[in-house]
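K.L.:
I'd like to go over a predicted model; first the sequence, then the structure.
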Amino acid sequence: MTMTADIISYSLAADGIATLIFDYPERSMNVLNRASLDAFYMAFRRAIDDPAAKAILITSGKDDFIAGADLDMVLAFKDAAELKSSTLELHRHLRALETCGKPVAAAINGTALGGGFEICLACHYRVASDRPRIQIGLPEVTLGLLPGGGGTQRLPRLIGIRAALPLLLEGKKLAPQAALKAGLIHAVVTSGTEREAAHAWLLARIGQVTQQPWDVKGYKLPGGAVQSPAGFETFYAGNAMTLAKTAGNYPAPHYILSCVYEGLQTDFDTGCRIRQPVSKSVCRPS
């Protein structure tokens with residue numbers, strides 16, 4: 001049995017940078033399951049609680065960052081209530097990470113998809129390697145699922161509703177330069193220097209209270225709010241296009257639209273608590 005302490009290594013440098021490295025033993029790629037999530041929660045809580053840790057760097061010891069959730073974990077949930085409880089737990093932990101007051105950076109050395117990229121979205125700074133084969137995005141809809149780690153709330157708040165919906169509804173996966181252009185990440189650097197770049201960004205912000213854009217007083221949604229003329233046009237067209245493509249046979253895009261529409265009319269924490277019914281087929285026992 002894999003122990004949680006074996007999945008993520010924790011180190012604290014003399015300059016106050018705590019580094020968390022995902023490296024799931026006996027797996028070719030890092031995935032999010034009960035063991036790795038518990039390891040992640042334990043590691044970043046350690047960094048938050050340690051006064052000697054002034055900033056937090058999250059990266060991977062494998063060739064890729066995190067491939068996303070382990071579908072075996074999803075299928076093992078007994079019912080929707082258990083899945084909802086686990087999802088809300090993830091929301092609470094990621095929220096604690098981004099509101100801890102310490103700067104947090106993700107050094108994306110390889111592909112970061114689904115829950116893996118949602119962890120990155122909860123970081124204040126995201127820098128990726130320039131390797132063109134890297135894929136970044138939230139492809140859950142292609143499996144009939146919704147982004148479970150707050151992606152329906154963070155991504156639109158980061159880049160705007162109109163820019164976020166195609167990524168959420170079509171599950172597009174972007175190469176690093178395209179992700180940079182779309183606003184998903186902050187920088188692209190030469191392969192092998194992403195940790196160094198993240199480290200430098202963190203060092204420059206030690207002692208500063210670092211916040212996400214949506215937590216800054218006076219924040220406004222990029223491109224207009226849900227009830228603005230631009231928002232009305234976006235959802236009117238989005239609903240029509242989604243129905244035309246799915247003929248009502250695939251519920252995930254509809255629920256994603258609903259999460260964005262309902263959630264972005266509230267504060268961030270309330271938006272993360274707004275959930276839609278989960279299909280029993282998603283929650284069937286394995």
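P.N.:
Arrived safely, thanks for sending.
K.L.:
all strands of the stretch 101-250 of the chain, in order?
P.N.:
For the stretch 101-250 of the chain, the strands defined by DSSP state E, counting those that start in this stretch cover 104-108, 112-113, 125-129, 136-137, 173-174, 187-189.
K.L.:
tell me what the fifth one is packed against?
P.N.:
Using 3 or more Cβ pairs under 8 Å, 6 or more residues apart in numbering; DSSP states H and E as the contact definition, the elements that strand 173-174 packs against are strand 136-137. Backbone N, C-alpha and C define where each C-beta goes, glycine included.
K.L.:
in its sheet, what does the strand it packs on sit against?
P.N.:
Under the criterion DSSP bridges, strand 136-137 sits next to strand 112-113 (parallel), strand 173-174 (antiparallel) in its sheet.
K.L.:
residue ranges for the helices of this protein, please.
P.N.:
4-7, 34-49, 71-76, 80-98, 115-121, 151-159, 161-170, 176-182, 194-203, 229-246, 251-263, 268-273 (DSSP state H).
K.L.:
is it possible to export the strands paired with strand 136-137 to CSV including distance to Asp6 and mean neighbour count?
P.N.:
Converted to CSV, the strands paired with strand 136-137 look like this (distance: least, Cβ to Cβ, whole Å; neighbours: other Cβ atoms under 10 Å):
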stretch, distance to Asp6, mean neighbour count
strand 112-113, 21, 27
strand 173-174, 29, 18
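K.L.:
Minimum distance to Leu180: which of those strands has it?
P.N.:
strand 173-174 (8.8 Å; Cβ to Cβ).
K.L.:
In CSV, list the C-alpha atoms belonging to stretch 233-243.
P.N.:
The C-alpha trace of stretch 233-243 is given here as CSV (Å, rounded to 0.1, in the frame of the first residue of the first chain):
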residue,chain,number,x,y,z
GLU,A,233,-25.4,37.3,-25.3
THR,A,234,-22.8,34.7,-24.2
PHE,A,235,-25.3,32.5,-22.3
TYR,A,236,-28.0,32.9,-24.9
ALA,A,237,-25.7,31.7,-27.6
GLY,A,238,-24.0,29.2,-25.4
ASN,A,239,-27.3,27.5,-24.5
ALA,A,240,-28.4,27.3,-28.1
MET,A,241,-25.0,25.9,-29.4
THR,A,242,-24.8,23.4,-26.6
LEU,A,243,-28.3,22.1,-27.3
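K.L.:
All set now, cheers.
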